[in-house]
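no sequence on this one, just coordinates:
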Ligand code: 3AM
C-alpha cells in the first residue's frame, strides 16, 4: 500500500535573507520565460540526498543514522555562500536551471557524504552520480522552446546572493501534487555546537 510509504529527501535550507535576495533576482526572469517550470521560492533548498519512497517505519532508522553520523563526524555550523547560475546537463540543452555555491564547497560535500552513509545504513540505495550542490530554480519542459535570451541574461547578471550559517539539515517530505511538489519538514537535525576540546 502506497500510504505506508513516504517520499522524502535530506536537504540544506537557505538562510532567509539569501532566499529573499535570490527570489527577487529570479522574479525578474519569470515573466520573460513562463514556459519554464519555476520553483516557488519557499521551496528553494540544496538537496543532499533524495531517498525516494521509503516505509514510514524506516524513517526513525534514517533519523537515528543521521544524528549518529553528524555527531560521529563532528559536523559543526559552517558558512555557505550562494552564487552563480548553471544548468544540468549544460546550457546547450538545459533540463534544470540552478543557483550554485560560491567558493569552496568542501564543508557541504562533507555533510553530504555523512548523509549518504547514513541513508545507506538505513537501507536506502546509494547515489551513483557525483554530488553537485545546487538550488533548483526552474525545470525546462521537454517541449518548451529554449528561452536563449533569458538564459544568457541570467548567466550574465548572476552574482552572489550572500552567505548564511548552515547549522542543521532537514529531512523533508515531498508530495507530488498536480499543482507541483509540496515539501513539509519531517525533522530538523541540528548540528552540535559543543566546543572542540583542544
Ligand atoms: O533539489 P532538486 O530540485 O535538484 O529533482 C528532485 C529534487 O532535486 C530530486 O530530489 C529533489 C527533491 O525532490 N529527485 C526527484 N526524484 C529523484 C530521483 N529519482 C531525484 N533525485 C534523484 N533521483
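Perfect, thanks for sending it. Quick caveat: nothing in here was measured; it's all calculated off a predicted structure.

gap between the residue lying closest to residue 190 once chain neighbours are set aside and the ligand?
Across the structure, with Cβ to Cβ, 6 or more residues apart in numbering as the measure, the residue nearest residue 190 apart from its sequence neighbours is residue 168 (4.5 Å). (C-beta placed from N, C-alpha, C; glycine too.) Shown here: residue 168 relative to the ligand, a distance of 17 Å by Cβ to the nearest ligand atom, to the nearest Å.

what's around residue 168, how many residues?
If you count neighbours by other Cβ atoms under 10 Å, residue 168 ends up with 15.

Identify the residues contacting the residue positioned nearest the centre of the chain.
The central residue of the chain, meaning the one whose C-alpha is nearest the mean C-alpha position (Cα atoms, centre = their mean), is residue 46 at 1.7 Å. Neighbour list for residue 46: 11-12, 14, 101, 108, 133-135 [criterion: Cβ atoms under 8 Å, 6 or more residues apart in numbering].

how would you label it: helix, strand or coil?
strand (DSSP: H, G, I helix; E, B strand; the rest coil).

can you give me how far the longest helix belonging to the chain is from the chain middle?
Counting by DSSP state H, the longest helix found in the chain is helix 106-121. A distance of 13 Å separates the centroid of the chain from that of helix 106-121, by Cα atoms, centre = their mean, to the nearest Å.

Flag every buried residue along that helix.
For helix 106-121, burial by neighbour count (16 or more other Cβ atoms under 10 Å) applies to 107-108, 111-112, 114-119.

now do stretch 185-198
Counting neighbours by 16+ other Cβ under 10 Å, stretch 185-198 gives 187, 189, 191 as buried.

Out of those residues, name the ones that lie in strands.
187, 189 (DSSP state E).

Tabulate the buried residues of stretch 185-198 (a markdown table), appending pLDDT and distance to the ligand.
Formatted as a markdown table, the entries for the buried residues of stretch 185-198 read as follows, by pLDDT from 0 to 100; distance: Cβ to the nearest ligand atom, whole Å:
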| residue | pLDDT | distance to the ligand |
| --- | --- | --- |
| 187 | 97 | 16 |
| 189 | 98 | 17 |
| 191 | 98 | 21 |
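
just the buried residues of stretch 185-198 now: which is nearest residue 77?
Nearest to residue 77 among these is residue 191, at 5.6 Å by Cβ to Cβ.

The closest one touches residue 168, doesn't it?
Yes. Residue 191 is in contact with residue 168 according to Cβ atoms under 8 Å; the separation is 6.2 Å.

How about the residues of the protein by the ligand?
Listed as neighbours of the ligand in the chain under the rule Cβ under 6 Å from any ligand atom: 9, 47, 50, 136, 174.

Can you tell me which of these are buried?
Here the buried ones among those, as counted with 16+ other Cβ under 10 Å, turn out to be 9, 47, 136, 174.

So what touches whichever strand or helix holds residue 100?
With elements delineated by DSSP states H and E, residue 100 resides in strand 96-102, which encompasses its position. With Cβ under 8 Å, 6+ apart as the test, strand 96-102 has contacts from 22, 36, 46, 80-88, 108, 133-140, 151, 154, 158, 160-161, 163.
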